[in-house]
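Engineer: sequence below, structure please.
(chains A and B)
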Amino acid sequence: MELLSGAEMVVRALRDEGVKTMFGYPGGAVLHIYDALFQQKDITHILVRHEQAAAHMADGYARASGKPGVVLVTSGPGATNTVTGIATAYMDSIPMIIVTGQVRSDWIGNDAFQETDILGVSRPIVKHSIMVRDAREIPAAIRKAFYIATTGRPGPVLIDIPKDCTSPLEKFEYPAPAKVKMRSYNVVTRGHPGQIKKAVDLLVQAKRPIFYTGGGVILGGAAQALTQLVRQLGAPITNTLMGLGGFPGDDRQFLGMPGMHGTYEANMAMHHSDVIVAVGARFDDRVTNNTAKFCPNAKIIHIDVDPASISKNVPVDIPIVGPCEQVLAEMLDIVKKDEVCLDKEALDAWWKQINAWRAYHGLRYSKDESILKPQQVIEALYRVTKGDAIVTSDVGQHQMFAAQFYKFRRPYQWVNSGGLGTMGFGLPAAMGCAVAHPDATVACVTGEGSIQMNIQELATCLQYRFPIKIITLNNQSLGMVRQWQDMQYHGRHSSSTYEESLPDFVKLAEAYGHVGIRVTNPADLDSAMEEAFSLKDQLVFMDINVDPTEHVYPMQIGEGSMRDMWLNKTERT
Amino acid sequence: MRRIISILLENEPGALSRVVGLFSQRGYNIETLTVAPTNDPTLSRLTLTTQGGDRVIEQITKQLNKLVEVVKLVDLSEGPHIERELMLVKVKATGAQRAEIKRSADIFRGQIVDVTSSVYTVQLAGTTDKLDAFIEAIGDASILEVVRTGVSGLARGDKTLSL
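Structural biologist: Below you'll find the predicted structure:
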């Protein structure tokens, strides 16, 4: 058997898990591991400029590929800098492995240089964490970490390795990879057949059914099964912010996103439905509005791999704990085998009603010859990329506009921080997407606020030649904060503007070695965007000036039901 | 409503802090907590009491079950069970009080486990209610110090919480 040092075992075990790329930043406690990385060719390491970005890159990589992202950072500040990135992944159930260096074992607890109890710090935001105490534990720890991160409801797993455990001076036998077995961790592999049958029976009786599906469909590889089932039944469907791409966004049966900034028809249809099939969605407060007034006439079927998500916020009638893909496939089997149909007459009437809501065009906005509207920019992006780009976003108005106006057609195409709402996520996430799909067009929709939260990564983009297109909706203010201040604080814009302190983004992009394009005139938008996307091998930073007074609508009215919405600045439902 | 949740936990460093952390993260309250290894040294048995309605307790047990180190758990208060708590009480015992405290300890089936010329230390085991009743019977004025282990318990009859 081969003899390896602890550091070599880290690299070998990662390789054996199929890792090709990792994201990180070196420092004292991980220098042995970096030395082992230097001496092999299987794993490429992307050197970031800030550890937070390493976590977001690994996250973006995972969201675009379905495979776990891997982060390597040093102890102390290296580890604590990843915290926002870990929390972002945790909230959206993204599989991620974070390897942190720790000070040597005999110094732990002594307030040593760059010592932080990162296990303690990260405990509430990881699916699991493992402290390595002996170099011999490394291979099993890494295997266990991958198994836990990628099975059931996925999530980040952190492994903390003291420096002495990676010493090159001690060598150990490296055991061949073996299947992980844990008596205390058992994943549900199949939904209860009786419950699935009950769900189909309830659907058959429905007069106004709707599918409400979330990120679990994407993570669970269930998009195809979902699409087949929904098309077979002919029912309407809405995808949450995390679930966009789970069903083709350009399909007639798709009503758009539900929730706080959901479409008029999606929110109205949810509210008036009599049976909701929730799949891999968790009844988040950004969807339900006031849960006491949530969909008063609906019976709810909830399919989720995590039992704790079921009946957490809203009590459900038919819970099905199981992998979304398996449960949906089994439902489809029953539907086909038993020739199950929805009530044709009722469904026709339901679609008539939905189409009437649709005809209201809740997402309409008015264009202006002198200034661009942010919605217009996303529509141009959709046109120019032919709806085929991988789109990441930061957090704020631009995120909602992207979710509303870009019609995502496939899973892994839309990457955003939904649960935690992390500004600064978009650019590094786009870099992770570029690693996962080197030939794909990757666009990062951002704002002048969010982009400045991880703008240092423009340097990493140059080093590794990531040809990302950054679409900055520059409204010279923190748009979503400003919108709330307009609507709830009588327009008092407390700390949401920069007072002439914005950098010249074109010059900044150029200083980092990229191309910068500024658009101020609406007439120039399409040609500028065409130009940006024609530069296949270069990162292009588009600084697009948009109307700072624009709001995102519809907007649900707090404490109301799903159908209580502001439709524009003066009208409400 | 008061619940007694009993957990079989991997006896590993950090496992306890994950259980305790879960309660504070999710805004649940722990009233008492006891934990020690079982006859199988790889497993710890943890018993805690908490307050909550059915929906809250359902969430607590589901979230606890998600912790990787939690092997099994049971809500003992759902069925017939035996619960015990151990208490040591140091009380002033001078003059006529000495006999009175001895009598009270006997009535509650407690034992006096340490004696000085002015102090008795009483050991008492039983349900939380019984221990509370003893403290009330003695009266705050005489009590110098109280230490309680928190509730431990198991289900009555053939039911066991084991691998």
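Engineer: B:Ile7 belongs to a strand?
Structural biologist: Yes - assessed by DSSP: H, G, I helix; E, B strand; the rest coil, B:Ile7 belongs to a strand.
Engineer: tell me the pLDDT of it.
Structural biologist: If you check B:Ile7, the pLDDT there is 97.
Engineer: and A:Asp59, by the same measure?
Structural biologist: 98.
Engineer: repeat that for A:Tyr553.
Structural biologist: 97.
Engineer: and if you look at the one 5 residues further on?
Structural biologist: What the model reports as pLDDT for A:Gly558 is 93.
Engineer: repeat for B:Gly14
Structural biologist: 92.
Engineer: enumerate every residue touching it.
Structural biologist: A:119, A:129, A:131, B:69 (C-beta atoms under 8 Å, 6 or more residues apart in numbering or on different chains). The way it works is simple: take the backbone N, C-alpha and C, and place the C-beta from them, glycine included.
Engineer: distance check, it against A:Met22.
Structural biologist: Separation of B:Gly14 from A:Met22 (C-beta to C-beta, to the nearest Å): 25 Å.
Engineer: do A:Ser311 as well
Structural biologist: 38 Å.
Engineer: so which of the contacts of B:Gly14 are in helices?
Structural biologist: Members of those lying in helices (criterion: DSSP state H): A:Leu119.
Engineer: mind listing what A:Ser309 touches?
Structural biologist: Contacts of A:Ser309 (C-beta under 8 Å, 6+ apart): A:153, A:282, A:302.
Engineer: what secondary structure does B:Thr123 sit in?
Structural biologist: Residue B:123: Gln, not Thr. strand.
Engineer: show the pLDDT at it.
Structural biologist: On the pLDDT scale, B:Gln123 gets 98.
Engineer: domains of the chain?
Structural biologist: In the absence of a named chain, chain A is used. A:3-173, A:193-358, A:374-552 (automatic domain parsing).
Engineer: that's the wrong chain, I wanted chain B
Structural biologist: According to automatic domain parsing, the ranges for chain B are B:2-79, B:82-152.
Engineer: what would these look like in JSON lines with distance to B:Ser162?
Structural biologist: Shown next, in JSON lines, are the domains of chain B (distance: least, C-beta to C-beta, whole Å):
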{"stretch": "domain B:2-79", "distance to B:Ser162": "7"}
{"stretch": "domain B:82-152", "distance to B:Ser162": "16"}
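Engineer: just among the contacts of A:Ser309, which is most surrounded?
Structural biologist: A:His302 (26 neighbours; other C-beta atoms under 10 Å in any protein chain shown).
Engineer: what about stretch B:1-13 and chain A, touching?
Structural biologist: Yes - residues of stretch B:1-13 contacting chain A under C-beta under 8 Å from any C-beta of the partner chain: B:10, B:13.
Engineer: report pLDDT for the spatially most central residue of chain A.
Structural biologist: By C-alpha atoms, centre = their mean, chain A has its centre lying nearest to A:Asn416, at 4.0 Å. A:Asn416 carries a pLDDT value of 98.
Engineer: for it, which non-adjacent residue is spatially closest?
Structural biologist: Excluding the flanking residues, the one nearest A:Asn416 by C-beta to C-beta, 6 or more residues apart in numbering or on different chains is A:Ser393, at 4.4 Å.
Engineer: and the end-to-end length of stretch A:186-195?
Structural biologist: 20 Å (C-alpha to C-alpha, to the nearest Å).
Engineer: name the residues that touch it?
Structural biologist: A:151-152, A:303, A:305, A:307, A:318-323, A:326-327, A:330.
Engineer: for A:Ala53, grab phi and psi.
Structural biologist: Main-chain dihedrals, A:Ala53, degrees, to the nearest 10: phi -70, psi -30.
Engineer: wait, what's in contact with it?
Structural biologist: A:23, A:85, A:424, A:427-428, A:431, A:454, A:456-457, A:460 are the contacts of A:Ala53 under C-beta under 8 Å, 6+ apart.
Engineer: quick one: which of these is nearest chain B?
Structural biologist: A:Gly85 (18.9 Å; C-beta to the nearest C-beta).
Engineer: can you name the helix or strand that that closest one falls in?
Structural biologist: With elements taken from DSSP states H and E, the one containing A:Gly85 is helix A:83-91.
Engineer: now the element after that helix, going C-ward?
Structural biologist: Downstream of helix A:83-91 (by DSSP H and E), the next one is strand A:96-102.
Engineer: tell me the average confidence for that next one?
Structural biologist: Here the average pLDDT along strand A:96-102 is 98.
Engineer: so in that sheet, which strands flank it, and in what orientation?
Structural biologist: Strand A:96-102 has the following sheet partners, assigned by DSSP bridges: strand A:69-73 (parallel), strand A:156-162 (parallel).
Engineer: next, the angle from the shortest one to helix A:83-91.
Structural biologist: For strand A:69-73 and helix A:83-91, the angle between their directions (axes from the mean of the first three to the mean of the last three C-alpha atoms, to 10 degrees) works out to 160 degrees.
Engineer: list the contacts of B:Thr42.
Structural biologist: Going by C-beta under 8 Å, 6+ apart, B:Thr42 touches B:10-11.
Engineer: touching, the residue nearest to A:Asn416 and A:Met423? I think so.
Structural biologist: No - assessed by C-beta atoms under 8 Å, A:Ser393 is found out of contact with A:Met423, at 10.4 Å.
Engineer: more neighbours: which of these two?
Structural biologist: Taking neighbours as other C-beta under 10 Å, A:Ser393 and A:Met423 compare with A:Ser393 leading, 31 against 22.
Engineer: run through the bridge partners of the more buried one.
Structural biologist: A:Val445.
Engineer: pull stretch B:107-115 out as PDB, backbone CA atoms only.
Structural biologist: Backbone C-alpha positions of stretch B:107-115 (Å, rounded to 0.1, in the frame of the first residue of the first chain) are rendered in PDB as follows:
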ATOM      1  CA  ILE B 107     -41.400  12.100  54.700                       C
ATOM      2  CA  PHE B 108     -39.900  12.800  51.300                       C
ATOM      3  CA  ARG B 109     -37.700   9.700  51.500                       C
ATOM      4  CA  GLY B 110     -34.600  11.800  51.400                       C
ATOM      5  CA  GLN B 111     -31.300  11.000  53.100                       C
ATOM      6  CA  ILE B 112     -29.100  13.200  55.100                       C
ATOM      7  CA  VAL B 113     -25.700  12.700  53.500                       C
ATOM      8  CA  ASP B 114     -23.600  15.300  55.300                       C
ATOM      9  CA  VAL B 115     -23.800  16.800  58.800                       C
END
